[in-house]
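Participant: Here is my input, please return the structure:
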Amino acid sequence: MATINDIAARLGVSKSTVSKGLNGATDVSDEMKRKILETAVELGYTNKRLLKKEQKICIFIENMDFENSNQFGYDIVLGFKQMAELEGWTVDIIPVTPQFQRETPYGVFMIQQGYHASFVLGFSLLDPWMQEFRTVRIPTVLYDNYVKSNPHIASVGCDSQEGFELAVKHLMQLGHKKIGLISGPLDSYILRARYHAYLNALEKYGLEINENYIGLGYYVAESTRTYIPKLLEQGVTAILFSHDVRAISALTECDDRDIRVPKDISIIGFDDLPMTAYTVPPLTTIRQDRIALGKCGYYAMSCLLNRIPIGSILLRAPLIVRESTGPAPESDRE
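Facilitator: From the prediction side, this is the model:
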């Protein structure tokens, strides 16, 4: 583990200058402080004074609601805190933006604030810190993201491949042959994973792979408004969705267009949000056990803190069958 002497030697300054820079002394220039902090991150230095002061870890959240029990991130945070606080950690929740990431390097922030490790939720592949995660030496756990070849990074999530295979098998048993996908843009690791899981599931069961059966769009309502009629025109009789929110939007769109679910089209979501049991009709979906995901996030972090270079943990993703899926129209089954 790097020391103050290592940083001083790299920069060609005194040990006292490095110590002052790390602790925010006013008689060290801002430029020198920046160099000292960046070098500390590069060498894997940890501020033992701050780390001993308080046992702190944090959860960084972006693009994910978490403040009440109906929101996706709530149970993930809860599961993580249940495990971490039981073992004496203080857990801070820190919402972040791309702008914050551009202005504040991840490693610098962690050293300045005295955090031992972090759990990162909701990041896309385009986020500035994703590049830094490739080389950072601070124990970091990513939800629904993956970074190769860094033993200080771990990942947790659900098995999208297994979930989509269960969904496609269920639809096949109901007679569906043309199965579509509506998803967000492929600028996140998990949306790419689910896109490929969809393609692989169709291939496994010998079903047609057709780009005209796929709709990718950023805005949820606009995507469903655009792609529901397009996929129906292609003869699609069942649609998988990358998230429940998109699937619920599709139920509303179908109702507005007098498209009967599941008689005209079957719909399957992904997540099993609390509201999915109460939609009209109740939504068939692939479940993510979010409490368990939060607990696994802490388990993976604990491994990293104990220098166990864990890679990734994937939970089972069971299919929850409700009333939004039904037999394919007769013409499709013939």
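Participant: make it CA atoms for all contacts and neighbour counts henceforth
Facilitator: Will do.
Participant: which residues does the residue most central in space within the chain contact?
Facilitator: By CA atoms, centre = their mean, the chain has its centre lying nearest to residue 144, at 3.2 Å. Contact partners of residue 144, counting by CA atoms under 8 Å, 6 or more residues apart in numbering, are 121, 122, 155, 156, 157, 158, 189, 190.
Participant: who touches the nearest residue to residue 304 once chain neighbours are set aside in this structure?
Facilitator: In this structure, residue 304 finds its nearest non-sequential neighbour in residue 139, 5.6 Å apart by CA to CA, 6 or more residues apart in numbering. Applying CA under 8 Å, 6+ apart, we find residue 139 in contact with 116, 117, 118, 152, 153, 301, 304, 305.
Participant: Could you name the helices and strands sitting against the helix or strand containing residue 83?
Facilitator: For residue 83, the enclosing helix or strand under DSSP states H and E is helix 72-86. Here helix 72-86 touches strand 90-95, helix 290-305, going by 3 or more CA pairs under 8 Å, 6 or more residues apart in numbering; DSSP states H and E.
Participant: if we go to 7 Å?
Facilitator: On a contact count with 3 or more CA pairs under 7 Å, 6 or more residues apart in numbering; DSSP states H and E, helix 72-86 meets helix 290-305.
Participant: who touches the helix it packs on?
Facilitator: Residues from elsewhere that reach helix 290-305 (CA atoms under 7 Å, 6 or more residues apart in numbering): 75-80, 83-84, 119, 139-141, 152, 154, 156-157, 310.
Participant: ok so, going back, sort out which of the contacts of residue 144 are in helices and list them.
Facilitator: 189, 190 (DSSP state H).
Participant: Format the contacts of residue 144 as JSON lines; extra columns: neighbour count and distance to residue 101.
Facilitator: Below are the contacts of residue 144 laid out as JSON lines (neighbours: other CA atoms under 10 Å; distance: CA to CA, whole Å):
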{"residue": "121", "neighbour count": "21", "distance to residue 101": "14"}
{"residue": "122", "neighbour count": "19", "distance to residue 101": "14"}
{"residue": "155", "neighbour count": "23", "distance to residue 101": "20"}
{"residue": "156", "neighbour count": "25", "distance to residue 101": "22"}
{"residue": "157", "neighbour count": "25", "distance to residue 101": "23"}
{"residue": "158", "neighbour count": "23", "distance to residue 101": "26"}
{"residue": "189", "neighbour count": "18", "distance to residue 101": "18"}
{"residue": "190", "neighbour count": "22", "distance to residue 101": "21"}
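Participant: Include distance to residue 317 and pLDDT when you put the contacts of residue 144 into JSON lines, please.
Facilitator: Shown next, in JSON lines, are these (distance: CA to CA, whole Å; pLDDT from 0 to 100):
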{"residue": "121", "distance to residue 317": "19", "pLDDT": "98"}
{"residue": "122", "distance to residue 317": "19", "pLDDT": "95"}
{"residue": "155", "distance to residue 317": "16", "pLDDT": "97"}
{"residue": "156", "distance to residue 317": "13", "pLDDT": "98"}
{"residue": "157", "distance to residue 317": "10", "pLDDT": "97"}
{"residue": "158", "distance to residue 317": "6", "pLDDT": "97"}
{"residue": "189", "distance to residue 317": "17", "pLDDT": "94"}
{"residue": "190", "distance to residue 317": "14", "pLDDT": "95"}
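Participant: Verify the stated contact: residue 101 with residue 130.
Facilitator: No: in this structure residue 101 lies outside contact range of residue 130 using CA atoms under 7 Å: 9.7 Å.
Participant: Looking at these two, which is more packed in?
Facilitator: residue 130 (18 against 15; other CA atoms under 10 Å).
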